[in-house]
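Novice: Pasting the sequence and the predicted model now:
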Amino acid sequence: MKTNYKLAIALVAGAAIGGAATQGLHAQPKLKAYSVGELEVTGTMDPSYLPAVRKAIEEANGHAIRTLNGRVVSIEGPPAPKNVAIIKWDSVDDAVAFYKSKAWTDLAPPRDKSQKTIRRYVVEVEK
């Protein structure tokens, strides 16, 4: 009889420890991320484009870092692009979801008329 009680207590303790460990894994926060777009201005930008993009970014929980007309200085490697767009996101998943969203796709025509995207990528950052 004592063996059955010990086994029952061990099973309950094991389940409790497993449940706590699972909760701990799910509770870990996602790492923040930044998307970086290297751009070349090719034409006149529609005045309504930037406000529309910033609104779409905010609605997707992104935070645009105002880099328009900021200097980009090359330190190493090939020449730096003339313009860089940086956006802070709550996670890489949020950034990727935004760039695949209808809101971003719908803004493609005015974007394509005024700029050429050289490269765009997302970088995950540690806290």
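Specialist: Alright, I've got the coordinates.
Novice: from here on, contacts and neighbour counts on C-alpha atoms
Specialist: Fine.
Novice: could you point out where this structure is predicted with low confidence?
Specialist: 1-28 (pLDDT under 70).
Novice: got a list of what the residue sitting nearest the centre point of it touches?
Specialist: The centroid of the chain falls nearest to residue 95 when counting by CA atoms, centre = their mean (3.2 Å). By CA atoms under 8 Å, 6 or more residues apart in numbering, the residues touching residue 95 are 33-35, 62, 89, 122.
Novice: Compare these and tell me which has the most neighbours.
Specialist: With neighbours taken as other CA atoms under 10 Å, the top of the contacts of residue 95 is residue 89, carrying 26 neighbours.
Novice: tally of neighbours for residue 82?
Specialist: Neighbours of residue 82 (other CA under 10 Å): 14.
Novice: Is it in contact with residue 72, as I believe?
Specialist: Yes - assessed by CA atoms under 8 Å, residue 82 is found in contact with residue 72 at 6.4 Å.
Novice: Please identify which of the contacts of residue 95 is nearest to residue 112.
Specialist: The shortest approach to residue 112 among those belongs to residue 35, at 18.7 Å (CA to CA).
Novice: for that closest one, helix, strand, or coil?
Specialist: strand (DSSP: H, G, I helix; E, B strand; the rest coil).
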